[in-house]
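sequence and predicted structure below; questions after.
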Amino acid sequence: KYAPTEQTMGVLQRVFYFHLPQAILSYLAAFLVGFGSLMYLATRDLKWDRFAYCNAELGVLFTTTTLITGMIWGRLAWNVWWAGDARTNLELILGLLYVGYLMLRAYLPEREKRARLSTVFGFLAVLDVPINYGAIYWWETQHPKPVLGPSGGGLDPHMRIALYVSLPAFAIVYAWLLTRRLQVAQLEDEVGALESSLEAS
């Protein structure tokens with residue numbers, strides 16, 4: 001209990017140390033999917049396609065945990081599981097874009113065509129992020145305003161340190177999961193290439 005208990009929300013405020021890192025990583029996943037998609041279109045190297053879809057899978061994970069922790073917060077703070085405001089809906093859309101990306105890949109058997117067409121969902125996910133981030137400034141939402149940055153309301157120094165520990169901790173988890181998933185994806189591609197060569201011979 002390094003960080004103090006917030007006076008208004010009490011213990012519930014501690015969800016913040018999980019919720020915010022998950023949300024940031026759900027955004028990061030979109031940018032990495034977009035980057036991988038762009039690099040694939042530029043180089044036609046399938047390693048960038050692997051990079052994109054592995055990040056899309058992590059995007060599903062981190063948008064899900066963002067929504068779940070947000071729903072826990074909303075249920076206890078506002079007595080609703082789903083506020084239905086702009087930011088919540090845009091985070092759900094981001095998660096659905098990741099799911100759409102992966103579903104499209106599942107239905108297209110041809111490797112290069114699958115890599116090329118799925119970039120559309122990758123770029124849409126990137127487009128969602130700035131709109132998602134700006135939602136609390138542009139529209140009336142129940143989502144709290146930022147507590148960090150120039151327009152933030154500020155945090156107790158101990159709360160700030162707790163947050164600054166949780167952010168890199170979850171980032172390390174993301175990096176580890178991505179590294180492991182990329183290794184598996186490369187093996188999947190190698191097996192697929194062997195199967196194709198055997199079918200052709």
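Noted; the coordinates are in hand. Numbers count the residues shown, from 1 in each chain.

which SSE is the nearest residue to residue 51 once chain neighbours are set aside in?
Counting by C-beta to C-beta, 6 or more residues apart in numbering, residue 51 lies nearest to residue 36, which is 3.9 Å off, once chain neighbours are set aside. From N, CA and C alone the C-beta is placed, and that goes for glycine too. Assigned by DSSP states H and E, residue 36 belongs to helix 16-43.

packing partners of the helix or strand following that helix?
Once helix 16-43 ends, the next helix or strand along the chain (criterion: DSSP H and E) is helix 46-78. Applying 3 or more C-beta pairs under 8 Å, 6 or more residues apart in numbering; DSSP states H and E, we find helix 46-78 packed against helix 16-43, helix 86-107, helix 111-138, helix 157-200.

related to what we said a few turns ago, who's in contact with the residue nearest to residue 51?
Residue 36 is in contact with 48, 49, 50, 51, 52, 53, 55, 122, counting by C-beta atoms under 8 Å, 6 or more residues apart in numbering.

give me that answer again for 6 Å
48, 51, 52 (C-beta atoms under 6 Å, 6 or more residues apart in numbering).

need those residues in JSON lines (columns: neighbour count, distance to residue 78 and pLDDT).
As requested, those are exported to JSON lines (neighbours: other C-beta atoms under 10 Å; distance: C-beta to C-beta, whole Å; pLDDT from 0 to 100):
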{"residue": "48", "neighbour count": "20", "distance to residue 78": "42", "pLDDT": "94"}
{"residue": "51", "neighbour count": "22", "distance to residue 78": "39", "pLDDT": "96"}
{"residue": "52", "neighbour count": "25", "distance to residue 78": "36", "pLDDT": "95"}
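
that older thread, distance of the residue nearest to residue 51 relative to residue 162?
32 Å (C-beta to C-beta, to the nearest Å).

flag the shaky bits of the protein, pLDDT-wise.
For the chain, the stretches flagged by pLDDT under 70 are 1-13, 142, 144-156, 200-201.

contact partners for the residue nearest the centre of it?
Residue closest to the average C-alpha location in the chain (C-alpha atoms, centre = their mean): residue 26, at 1.7 Å. Residue 26 makes contact with 62, 63, 66, according to C-beta under 6 Å, 6+ apart.

residue contacts, residue 41?
Going by C-beta under 6 Å, 6+ apart, the list of residues near residue 41 is empty.

hang on, the earlier thing: state the distance from the residue nearest to residue 51 to residue 166.
According to C-beta to C-beta, residue 36 stands 26 Å off from residue 166.

ramachandran angles for residue 44?
phi 60, psi 20 (degrees, to the nearest 10).

just give the number of residues close to it.
Counted with other C-beta atoms under 10 Å, the neighbours of residue 44 add up to 12.

ok, residue 18 next?
Around residue 18 there are 17 residues (other C-beta under 10 Å).

hmm, residue 68 and it touching each other?
No: shown here, residue 18 and residue 68 do not form a contact pair, counting by C-beta atoms under 6 Å, at 9.5 Å.

which residues do these two both contact?
By C-beta under 6 Å, 6+ apart, no residue touches both residue 18 and residue 68.
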